[in-house]
Every structure is written in structure tokens, then in C-alpha cells.
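*Asks:* Next comes the sequence, and after it the predicted model I'd like to discuss.
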Amino acid sequence: MTEKALRELLEAIRAGKVDVDEAIASLRRMPFEPLGFANVDHHRSIRCGAPEVIFCQGKTAAQVVEIFSRLAESGVDVLATRADDATAKAVTARFPQARHEAVARTISLVADGDREAIGHVAIVAAGTSDIPVAEEARVTAGMLGANVTTHYDVGVAGLHRLLAQSARLQSARAIVAVAGMEGALASVVGGLVAVPVVAVPTSIGYGASFGGLAALLAMLNSCASNVSVVNIDNGFSAGYIAALINRQGQGEPADE
């Protein structure tokens, strides 16, 4: 249940439109619902401002479908990450309106299709090989209500490609910078803008990149003061954090 839905329920009780038994029935699954293999957190959107997200890796398709169903029935937006094709097929068979984005490896279901995106989160990826992680960030930020723009294949090996996007990046409220190899993109982006940059090291690169460790260490040692770093390949957390930052500034209109 969302905070909006809870407020509406309480207002309906106060107005005498809903009796106590009906209200209890509506709240029966709060704050969490035990399924045996999972405890579905129906209270998360009230506490944290966003519903629980399903991490599909390591779960069976049947488990994901069950969790997805319980969240959808509560009326919240549902997002599942790291979904393989078999899991996506099972979920979309149950929910044909759900959207599977294969590159991002996400499955999403929006409860309120009329919701208007706010602000501006920019997703920047160094190379085409980094796009899957960047797309996970894009989908996540979008599900949390952000207006998202993407700027792909703008790595520092061809710096002019990034500089061509600088005006648009400067209008963002938060930026996600995704890069493998040496991970230099985040520092360069941080030196161009006056907003938080969430850096995502990816596991893309040759042997000495050590599966993203080289990019992670480079980003952690960034000389740009506005750069923070999430874990290797963690586009989800980067998109989530950027969306929260974007939400904090929603009272001020973003530049167009």
C-alpha cells in the first residue's frame, strides 16, 4: 500500500465511507506478508517512499511471479531486476501489461499510468558495452518518478562526445555515470556539473580491469568532490539514489 492509498483509506474511515472491518481487511497484509520463502514488505513505500524491488537473481521464476503478484495486488508499482528471459516470460504471462526490458534485465508494472515524471536525471555511459548497467539505472530512476535522459558511448577516449552533451548534463538534478575499463568518466563528468554524480563501475574491460575492480578504485579515488560510488555493475542502486536526489529538488523546476 502506498502512502497515498493509506491516507485515502484513513480519510474514508473518518468520513464514514469505510467501516472498521473493511479497513482491517485492507490492512491485513501490512506491514509484511510471509510467503514461506519470502516476507513481502508492503510497508516499504510508506517508510521509504518507494515499494520493495524484487531482485530476481537466485530466485526461481515461480517465486518471482508470486512476489510480483502480491506486490501488484497491493496497488504499488512493481519493479524486478536481474530477470532472465525465463523469469520474464513467466511474469508477463501472468501480467501481460508488465514491461520486460531485456537489455536492462528488468520487469516493471506501473500501477498509475497517468503519473507525470519530474525533474531530470541524466544517465551517462562510457561505452556501448556499459549500456546494460546504464539501462538498469534508467529503468529504476524512471520507476521512481524521474524524467530520465540517456547519453551513451561518450567515454573519455573521445572527449568531444561528452562535451557535446555538457549543456544538457548541467540541467540535470543528478547524474549517473557508468564506466568500465579505467573508470575515468565519473571524474570528468563531476568536473563539468554542479550536482551529485553517482558513479557505477562496470565489469567491462580486459584482464587488468579485474572485473571492474580497477574502475571501482579509480572512482573511489576521484578528485571530483561531487562523485559518490556504488558497487560494481549496480545500476539499480545508482538509479535509485539519483531518483531520490532528484525528488528532493522537485520544488525547483529543472532547466529545459
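*Replies:* Looks like it came in fine.

*Asks:* need the helices for the stretch 51-200 of the chain, in chain order.
*Replies:* 61-73, 85-94, 131-143, 159-163, 166-169, 185-190 (DSSP state H, counting those that start in this stretch).

*Asks:* any chance of these in JSON lines, plus distance to Ala242 and mean neighbour count?
*Replies:* All C-beta atoms are positioned from the backbone trio N, CA, C, and that covers glycine. Below are the helices of the stretch 51-200 of the chain laid out as JSON lines (distance: least, CB to CB, whole Å; neighbours: other CB atoms under 10 Å):
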{"stretch": "helix 61-73", "distance to Ala242": "23", "mean neighbour count": "19"}
{"stretch": "helix 85-94", "distance to Ala242": "24", "mean neighbour count": "17"}
{"stretch": "helix 131-143", "distance to Ala242": "5", "mean neighbour count": "26"}
{"stretch": "helix 159-163", "distance to Ala242": "18", "mean neighbour count": "14"}
{"stretch": "helix 166-169", "distance to Ala242": "13", "mean neighbour count": "14"}
{"stretch": "helix 185-190", "distance to Ala242": "12", "mean neighbour count": "26"}
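
*Asks:* I'd like to know which of the ones you listed lies nearest to Val200.
*Replies:* Set against Val200 and scored by CB to CB, the helices of the stretch 51-200 of the chain come closest in helix 131-143, at 5.9 Å.

*Asks:* now the closest one: how far from the chain's centre is it?
*Replies:* Chain-centre distance of helix 131-143: 6 Å, with CA atoms, centre = their mean, to the nearest Å.

*Asks:* I'd like to know which elements that helix is packed against.
*Replies:* For helix 131-143, the contact count by 3 or more CB pairs under 8 Å, 6 or more residues apart in numbering; DSSP states H and E identifies strand 78-81, strand 106-109, strand 118-125, strand 146-151, strand 174-179, strand 197-201, helix 235-248 as packing neighbours.

*Asks:* 7 Å instead, please
*Replies:* In terms of contacts (3 or more CB pairs under 7 Å, 6 or more residues apart in numbering; DSSP states H and E), helix 131-143 is packed against strand 78-81, strand 106-109, strand 118-125, strand 146-151, strand 174-179, helix 235-248.

*Asks:* Got the domain ranges for this structure?
*Replies:* 3-109, 118-248 (automatic domain parsing).

*Asks:* Quick check: mean pLDDT of the shortest one?
*Replies:* Model confidence over domain 3-109 averages 83 on the pLDDT scale.

*Asks:* Is it possible to get the helices of the stretch 51-200 of the chain out as JSON lines so that each row also shows distance to Ala50?
*Replies:* Formatted as JSON lines, the helices of the stretch 51-200 of the chain follow (distance: least, CB to CB, whole Å):
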{"stretch": "helix 61-73", "distance to Ala50": "12"}
{"stretch": "helix 85-94", "distance to Ala50": "19"}
{"stretch": "helix 131-143", "distance to Ala50": "8"}
{"stretch": "helix 159-163", "distance to Ala50": "30"}
{"stretch": "helix 166-169", "distance to Ala50": "25"}
{"stretch": "helix 185-190", "distance to Ala50": "24"}
